[in-house]
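Engineer: give me a model of this one.
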Amino acid sequence: MVGFARHAGLPGDDGTTGARTSVVNSPCPQIPENAPFNPSQRQWINGYLAGLFSGRTAASAEVPRASHGPLVFLWGSQTGGAESLAKKFAKDATARGFQAAAIGLDACQPNDIAGHARACIITSTYGDGDMPDNAQACWDALAAPDAPRMENLSFSVLALGDRNYTRFCHAGLLFDERLAELGAKRLLPRVDCDVDEEAKGHQWFADLMKLLAPDATATPDAPAAPDTQCFDKTRPFPAVLKTNRVLTGEGSAKETRHFEIVLDGSGLEYEAGDALGVVPSNCPDLVAEILSAAGLDGMETVALKDGSSMTLREALISRLDLSPFLAALPQPGTTAADLVAPLRPLQHRLYSISSSPKAHPGEVHLTVGIVRYELDGRQRKGVCSTFLADRANAAVPVFIHKSPGFRLPQDFTRPVIMIGPGTGVAPFRAFLEERRATAPNSRNWLFFGDQHVATDFLYRNELEAMFAEGVLTHLDTAFSRDQERKIYVQDRMMERAATLWEWIGDGAHIYVCGDAKRMAKDVDAALHRIVAAQGNLSEEDAKAFINRLKTEKRYQRDVY
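Structural biologist: Next comes the predicted model:
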């Protein structure tokens, strides 16, 4: 979601289970598409086979070694962080002699979990305490009164979250407590990881390995080929900001900007649906206020938690999260060491990419709501949004964050329904550019909304041109403040319920991007009502229908 800063979960390796040089070159067996299994069952079996076959070594290189048995990593992920971490740990566990597999929670039910001797759950928390989309159906079944007993299961939970939310790591907490209630035994206590505590996640895995196979060491991989795409959040690419223009019109209550960033020479590649990580620096004016309030000149040397040392001013500008000082500045006489001691590391922000690489090769576009407001007589600024708008004059440190859970259908004939008010339109601009290039005859439907049509119709000329040429089959807008009764995108959905149901029956994929706290919940509720009414289904059957859409990757959300 663009315009709302979001944090990634723990970073992970994109490799799949068992990808090491000693693995036999023959492909891992896969369940045929015509086999009598539903998508969830097929994913489960294929994931398990991947774990089993990842441990097979070439005959010429076979060395007798202990087998530590099966170990499954079940992941719940909204943006890919928990998924990539589960795959990395499964790969490492396989190299240590386990029959390990990483499987999405959308591909299993409580009976599947109960059938394992050892299972680790790695899950993020979506929004303020909710389950990730791919974990919801499994959790609903697990929380039900008739969930199976699990006395034969040993488990541990790694929870990923963000302390800025009230219900920090709540999804992981729920899984941890419920499995224990059902009789499962904890291998290790649950570990909760904030966005700046990724080392805790790796320590959890190390402790797990020490417990289950204290003498096991990973089989080393052969040296990897040079990686030209090696930029990440710890080593961002210094990209050039080519374009910075305001999208909203004069008189708008919002400031939304369009940024174009050049990636030439980076080796970075992305797909429509991915996000761009931006590593910002703090506003020098705020830093000056803090130093003045404390009576410091900024040239004092400070030691940071990662062991590095630098001047206080440099640390405050580029390394530390200054949000505590938005509420109150430090007291006079505060020492440099006391000033930095409670501060968290400054985090990158992720913004959904609003361009297709097919339409803009070598570039990445962003659509960002700029945060500026006054509180208690002081001007406040969003760290990253105003960094891009006001201070990124030379280089913008960036990296690509893959979003495997937010992808266009591979089948170009499938209709696409996109719901993205405000800056939530960003990934759908990318989707439409992609569909124009790859599937010009496809059916695409966009619901867009904001406050006023005259000042807040983002990308109006582009969208109306796409509608005129047929790339957009339907364009439904909802401008809430242009009439006495406020109208939102979910209201437009209800007005078009019959046609929406027809598109869903034709295999449409549904995408939502924007604010999680209100819009996404209202849109989800509207979708449930449409399915129930148009499909003549009970509330419970409508819920099951929506869950099947999620399992089949036909209902995907990029909301925070």
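
Engineer: give me the three-state assignment for Leu71.
Structural biologist: Here Leu71 is strand, with the state taken from DSSP: H, G, I helix; E, B strand; the rest coil.

Engineer: pretty sure it contacts Arg96?
Structural biologist: No: if you go by CB atoms under 8 Å, Leu71 and Arg96 don't touch, sitting 9.5 Å apart. Heads up, the C-betas are built off the backbone N, CA and C, glycines and all.

Engineer: compare these two (neighbour count), which wins?
Structural biologist: The neighbour comparison of Leu71 against Arg96 (other CB atoms under 10 Å) goes to Leu71, with 25 against 20.

Engineer: and that one, what does it touch?
Structural biologist: Leu71 is in contact with 90, 93, 98-100, 118-120, 212, counting by CB atoms under 8 Å, 6 or more residues apart in numbering.

Engineer: what do you get for Leu304?
Structural biologist: 310, 315, 319-320, 340.

Engineer: can you pull out the helices in the stretch 51-200 of the chain?
Structural biologist: With helices called from DSSP state H, counting those that start in this stretch, the stretch 51-200 of the chain shows them at 81-95, 110-114, 133-143, 170-181, 198-212.

Engineer: which of those sits most buried?
Structural biologist: helix 81-95 (a mean of 27; mean count of other CB atoms under 10 Å).

Engineer: Cys469 - how many residues pack around it?
Structural biologist: To be clear, residue 469 is Glu; Cys isn't right here. Glu469: 10 neighbours (other CB under 10 Å).

Engineer: same thing with Leu241?
Structural biologist: For Leu241, the count of nearby residues is 17 (other CB under 10 Å).

Engineer: am I right that it sits in a strand?
Structural biologist: Yes: read with three-state DSSP, Leu241 is one of the residues of a strand.

Engineer: contacts only, for the closest residue to Gly129 other than its chain neighbours.
Structural biologist: Spatially, and ignoring its direct neighbours in sequence, Gly129 is nearest to Arg167 (2.9 Å; CB to CB, 6 or more residues apart in numbering). Taking CB under 8 Å, 6+ apart, we find Arg167 in contact with 125, 128-129.

Engineer: from these, which is closest to Lys521?
Structural biologist: Nearest to Lys521 among those is Asp128, at 10.6 Å by CB to CB.

Engineer: quick one: Lys358 from Tyr270, how far?
Structural biologist: 11 Å (CB to CB, to the nearest Å).

Engineer: the two: who's more crowded?
Structural biologist: Neighbours per residue (other CB under 10 Å) separate Lys358 from Tyr270, with Tyr270 holding more: 19 against 15.

Engineer: for Ala184, see how far away Ala137 is.
Structural biologist: 20 Å.

Engineer: I'd say Ile553 and His509 touch.
Structural biologist: Residue 553: Lys, not Ile. Yes: at 7.5 Å, Lys553 counts as touching His509 under the criterion of CB under 8 Å.

Engineer: just want to know which of those two has more residues nearby.
Structural biologist: The neighbour count for Lys553 versus His509, taken as other CB under 10 Å, is higher for His509 (22 against 18).

Engineer: who's that one bridged to?
Structural biologist: Beta bridges link His509 to Val416, judged by DSSP bridges.
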